[in-house]
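[1] with the sequence up front, the predicted model follows.
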Amino acid sequence: MKLCIAMVGLPAMGKSTIALKLKEFLVSEGLNTEIFNNGDVRRQTVPESNSPEFYNPKNKEASKIRRKIADINIEKAKNYDGDVVIIDATNVGRPRRKIIEKSFEHVLFIECVNKDEDLIDTSILQKIKHTEFRNDPDAFINFKKRIGYYKKIYNPLKDEKNYIVLDSLNNLILKEKGEVLHYENIRDILVSNWLKNLYLVRHEETFFNQQDRIGGDSKLTKEGINKSKDISKYFEKKEIPFIFTSTKKRTIEMANILASKNTQIIKLPEFDEINSGICEEMSYQEIKTKYPEIYYERKKDKYNFIYPEGESYDTLRLRVAKGLKKAMYIVGDYRDIMIIGHRAVNRVILSHFLYRKKSEVPYIYMPQDKYYHIISTHKKKLLELKEFKQD
C-alpha cells in the first residue's frame, strides 16, 4: 500500500524542509520514499514563470497552466513504485486537495503555518537566491505578491479525512485528524528538531576579555584576530553555508574571518550576550566594589538572578531558544552550520542538548580555544568538545 503525504501551505512556510526531513527518516526506516515538487515541474515546463502575475487567480491562462503542472506532478507520484510519495506544493485550495484524495487510497495532508513575519521575510530572502530570480531586481517584492495571490485562494485544512496542522517554526502540532500508515513515526519526526552538524564556537579574545569586563560591544584584540585566522584554517575544508552570530562586533568580526565566499553570515539579536543591565561594561571587581549587594546576591543563585535593568539566565533562555528555532528554520536541510556566540549564550544553547539542570547552566565550561560539535537527529545524538586541530 502506498501512502501519499501532501504538503499544504503558503510559500516560505518550511514545507520543503519538512518534506526532506520526512523523506530522510522514512528511507532510513527501509521505506522507498520520493518527493514530487510542483516547482520543479513548473521550472522545467514554464521556465519564465517567476512573475507574480503567473499566480494571480484572475489570470485564467496561467491558472490553467498551473493546474496542468499539478496534474503532471500527481501523475508522476502515482506512477512511482515505492512505499511513500510526498507531494511538495502549496495545495492551498480544496479542489486541488480533492484531486489528490481521489488519486491515492491513503493520503495525509500536512499544513505548515508560521506567523513570524520577520522569519518569513528571511525565508523569502533565501528563496530569491534561486537562479530563477537572478534577473529580477524586485524579487523580494514580487515574491510577497505571489504569497498574496495564494492567500486569496487559501482554504485551511478542515474537511479532509486525515491531516496535521503544524507550526513549522516551533515544531508544534496544532491540529490533527485521522490516522494513516506510519502515522506515529511521521508525527514524531514533525515535532523533532534536527541538527546535522552544528559547530558551536565562542568568539575569540576581545579588549573587554583582557580587562575582565562584561557585556558591551568590544572588538577583537590583535591576538583574537590572529587566533580567528588560525581557526579559519581548521574549517576551510568544511562547507559551512551559514554562520549565525549575535549583533555584537566581536562575533561578526570573527565570522567575517571564518566565512568562505559561499558562506552567508546571519546576525540574530536573540544570540546577543546576556544583558547585564546597570553592570554592563564593568569588571567583576568594579561590581563588587560599587554594587556589593548585586555581586553577592548573584553568587547565591546565578541562574535566576536578574541584573537590575537587565536579564537572568532564565530570561536569556527564552530568547536564545527562539534564536535556535529561527536558525534551524532558515538552514532547512543544510548539514553544516556554525554559531559564533558568547559565553552565557553558548552555555544556554549547549544546555538545550545536554539537558543540564538549570542551576548548572551558568557553570558549563565554555572555552575560547575549543568548540562543541553537536549532532541531534531522530536517530543520532552526539556532543563533543573538540580542539581546533586537524584530524
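    Nice, I can see it. Keep in mind it's a predicted model, so treat the numbers as computed, not measured. Numbering: from 1, shown residues only.
[2] residue contacts, the residue nearest to residue 362 when sequence neighbours are not counted?
    Leaving out its chain neighbours, the residue that sits closest to residue 362 by C-beta to C-beta, 6 or more residues apart in numbering is residue 302, at 3.9 Å. C-betas here are computed from N, CA, C, even on glycine. By C-beta atoms under 8 Å, 6 or more residues apart in numbering, the contact set of residue 302 is 313, 362, 363.
[3] other residues contacting the lowest-mean-pLDDT helix or strand in the chain?
    The weakest-scoring helix or strand in the chain, judged by mean pLDDT, DSSP states H and E, is helix 117-127 (a mean of 87). Residues outside helix 117-127 that contact it (C-beta under 8 Å, 6+ apart) are 11-14, 114, 133, 140, 143-144, 169, 266, 326, 329-330, 332.
[4] of those residues, buried ones?
    11-14, 114, 133, 143-144, 169, 266, 326, 329-330, 332 (16 or more other C-beta atoms under 10 Å).
[5] give me the three-state assignment for residue 215.
    coil (DSSP: H, G, I helix; E, B strand; the rest coil).
[6] burial count for it?
    By the criterion of other C-beta atoms under 10 Å, residue 215 has 21 neighbours.
[7] surely it is in contact with residue 278?
    No: between residue 215 and residue 278 there is no contact under C-beta atoms under 8 Å: 10.6 Å.
[8] what helices or strands is whichever strand or helix holds residue 346 leaning on?
    Residue 346 is located in helix 343-354, with elements delineated by DSSP states H and E. Other elements packing on helix 343-354 under the criterion 3 or more C-beta pairs under 8 Å, 6 or more residues apart in numbering; DSSP states H and E are strand 195-202, helix 313-331, strand 336-341, strand 370-376, strand 381-387.
[9] rerun at 7 Å
    Judged by 3 or more C-beta pairs under 7 Å, 6 or more residues apart in numbering; DSSP states H and E, helix 343-354 is in contact with strand 195-202, helix 313-331, strand 370-376.
[10] how about these in TSV, adding mean pLDDT and distance to residue 121?
    Formatted as TSV, the helices and strands packed on helix 343-354 follow (pLDDT from 0 to 100; distance: least, C-beta to C-beta, whole Å):
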stretch	mean pLDDT	distance to residue 121
strand 195-202	94	23
helix 313-331	92	11
strand 370-376	95	27
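[11] format the ones you listed as CSV; extra columns: distance to residue 84.
    Formatted as CSV, the helices and strands packed on helix 343-354 follow (distance: least, C-beta to C-beta, whole Å):
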stretch, distance to residue 84
strand 195-202, 21
helix 313-331, 24
strand 370-376, 24
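[12] ok, back up a step: what two of the contacts of helix 117-127 are the furthest from one another?
    133 and 169 (23.6 Å; C-beta to C-beta).
[13] strands along this protein, start to end?
    3-8, 33-37, 84-88, 106-113, 163-167, 172-177, 195-202, 242-245, 264-267, 336-341, 370-376, 381-387 (DSSP state E).
[14] only whichever of the contacts of residue 302 are buried, select them in PyMOL.
    Buried members of the contacts of residue 302, identified by 16+ other C-beta under 10 Å, are gathered into one PyMOL selection as follows:
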select buried, resi 313+362
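[15] make TSV from the contacts of residue 302 and add distance to residue 203 to it.
    Output for those, formatted as TSV (distance: C-beta to C-beta, whole Å):
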residue	distance to residue 203
313	19
362	18
363	20
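[16] and the contacts of residue 302, which is closest to residue 39?
    Nearest to residue 39 out of the contacts of residue 302 is residue 313 (C-beta to C-beta; 43.0 Å).
[17] quick one, what contacts that closest one?
    274, 302, 303, 344, 348, 361, 362 (C-beta atoms under 7 Å, 6 or more residues apart in numbering).
[18] check residue 336 too.
    Counting by C-beta under 7 Å, 6+ apart, residue 336 makes contact with 197, 238, 239, 240.
[19] beta partners for the closest residue to the second one other than its chain neighbours?
    So that's residue 238. Counting by C-beta to C-beta, 6+ apart, residue 238 lies nearest to residue 336, which is 5.9 Å off, once chain neighbours are set aside. Beta-bridge partners recorded for residue 336 (DSSP bridges): residue 197.
[20] check the gap between residue 336 and residue 242 for me.
    Counting by C-beta to C-beta, to the nearest Å, the separation of residue 336 from residue 242 is 8 Å.
[21] what of residue 268?
    Counting by C-beta to C-beta, the gap from residue 268 to residue 242 is 11 Å.
[22] so between these two, which is more surrounded?
    Set residue 268 next to residue 242 and count neighbours by other C-beta under 10 Å: residue 268 wins out with 22 against 19.
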